[in-house]
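Undergrad: below: sequence and its predicted model.
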Amino acid sequence: MKPEFRPGENIAIKVPPHEYDQTVRFYRDVLGFEVVPLPEAETADSIRFRFGDKTLWVDRVATVSQAEIWLEVVTDDVDGASEYLSEHGCARRDEIEALPEGFNAFWVASPSNIIHLVTRH
């Protein structure tokens, strides 16, 4: 049985350090997007903005050489989604970023290498 998939609430832009400040200024100062406060412990390498009904994260990532867009997809069955996506040739990419222990989710790449966090809604 095919799991249900739908867009999640989060979009992330992973940005190399040399582009981070300019990218933040673009969304905050040029476009004037509303900053959504983060807990103080999380503010060093990330900022988030209200993006319509979504949250846009801009993350400073030392291991990328150019900006990448990462998307969240929610499903009703994480294990079934993993099996279904594997059967359809989608590569699991769990090595790309550690998830919190006990967080029921995984990373997958689309055929064009867009990273998706697949998690339960």
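TA: On my side now, so go ahead.
Undergrad: can you tell me the helix or strand for the residue lying closest to residue 121 once chain neighbours are set aside?
TA: Nearest in space to residue 121, with sequence neighbours left out and distances taken as Cβ to Cβ, 6 or more residues apart in numbering, is residue 74 at 3.6 Å. Any C-beta I mention is one placed from the backbone N, CA and C, and that applies to glycine too. For residue 74, the host element (DSSP states H and E) is strand 68-75.
Undergrad: run through who's touching the least confident helix or strand in the chain by mean pLDDT.
TA: None of the helices or strands of the chain scores lower by mean pLDDT, DSSP states H and E than strand 91-92, at a mean of 91. Strand 91-92 has contacts (Cβ atoms under 8 Å, 6 or more residues apart in numbering) with 82, 85, 86, 106, 107, 108, 109.
Undergrad: ok, now stretch 23-36?
TA: Where contact means Cβ under 8 Å, 6+ apart, the residues beyond stretch 23-36 that reach it are 13, 15, 47, 48, 49, 50, 51, 55, 56, 58, 67.
Undergrad: can you list which of these are found in strands?
TA: Those of the contacts of stretch 23-36 mapping onto strands are 13, 15, 47, 48, 49, 50, 51, 55, 56, 58, per DSSP state E.
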